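A.B. asks: quick one, what's the 3D model for this:
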Amino acid sequence: MGTATEQPRLKVSWISAVCLILLRNLARGKRCGHRDVAEELKQLKDANLRFSDLGLRAAPGGFMSEDALFWLWELYPMGYYKGDPHATGLILTDNGRKFCEEIVREEAEKNPEEFQSVAKALEADTLAISIIS
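C.D. replies: Numbering: from 1, shown residues only. Reported below is the predicted structural model:
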C-alpha cells in the first residue's frame, strides 16, 4: 500500500496570504477575525497550497492558527488595524493597508507564479494585480 504524496510546500510566505485576505476584506468593507483568516488558510491547504512554516489546527467551531493570531496581535500596537481579532474582527487602517500592500508587492516580485496561485485561490487575483501595478 502506497501513501499519498504530499504537495510541495510553497515558497510564498503565509503572511502575504494573510495580508491579501485582510486587503480583500477591506475592499469589501468587511471585518474579519483570526478564525476567519484561519478558515481561509485552511481552504488554501485543502487546495494543495501549503505553506512551509504555518501552524494550522482544528479547533471548536473551525480552525485556528496561533501563528496568524500572534502576527495579527503584533500589528495592533503599530496602529495597523481597528477592532479585536477575537471578538468584533478587525479592519485595516490606512497605515495597515499600506503595510500589507508592501508585503504583497514584495512577495509577488519574489515568487510571482506561486503568489498568483494563492491570490486566485483567495478570489483576490484582480486585487493583487491592482496592488502590484
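A.B. asks: what about the residue nearest to residue 42 when sequence neighbours are not counted, neighbour count?
C.D. replies: Using CB to CB, 6 or more residues apart in numbering and skipping the chain neighbours, the partner closest in space to residue 42 is residue 63 (4.5 Å). For every residue, glycine as well, the C-beta is placed using N, CA and C. Other residues lying near residue 63 total 17 when counted by other CB atoms under 10 Å.
A.B. asks: who's in contact with residue 63?
C.D. replies: 35, 38, 39, 41, 42, 56, 57 (CB atoms under 8 Å, 6 or more residues apart in numbering).
A.B. asks: how does it look with 7 Å?
C.D. replies: Residue 63 sits next to 38, 39, 42, 56, 57 when contact means CB atoms under 7 Å, 6 or more residues apart in numbering.
A.B. asks: secondary structure element for the residue nearest in space to the middle of the chain?
C.D. replies: Centroid check for the chain by CA atoms, centre = their mean gives residue 18 as the closest residue, at 1.7 Å. Using DSSP states H and E, residue 18 sits within helix 14-27.
A.B. asks: residue 42 and residue 98, how far apart?
C.D. replies: 28 Å (CB to CB, to the nearest Å).
A.B. asks: looking at these two, which one has more neighbours?
C.D. replies: Neighbours per residue (other CB under 10 Å) separate residue 42 from residue 98, with residue 42 holding more: 17 against 11.
A.B. asks: if the residue nearest to residue 42 is in a bridge, with which residues?
C.D. replies: residue 58 (DSSP bridges).
A.B. asks: tell me the pLDDT at it?
C.D. replies: As predicted, residue 63 sits at a pLDDT of 78.
A.B. asks: residue 91 should be in a strand, yeah?
C.D. replies: Yes: using DSSP: H, G, I helix; E, B strand; the rest coil, the assignment for residue 91 is a strand.
A.B. asks: so that it lines up with my notes, have the first residue be 162 from now on.
C.D. replies: In the new count, where the first residue is 162, that last one comes out as residue 252.
A.B. asks: ok, it to residue 179 distance?
C.D. replies: For residue 252, the distance to residue 179 equals 14 Å [CB to CB].
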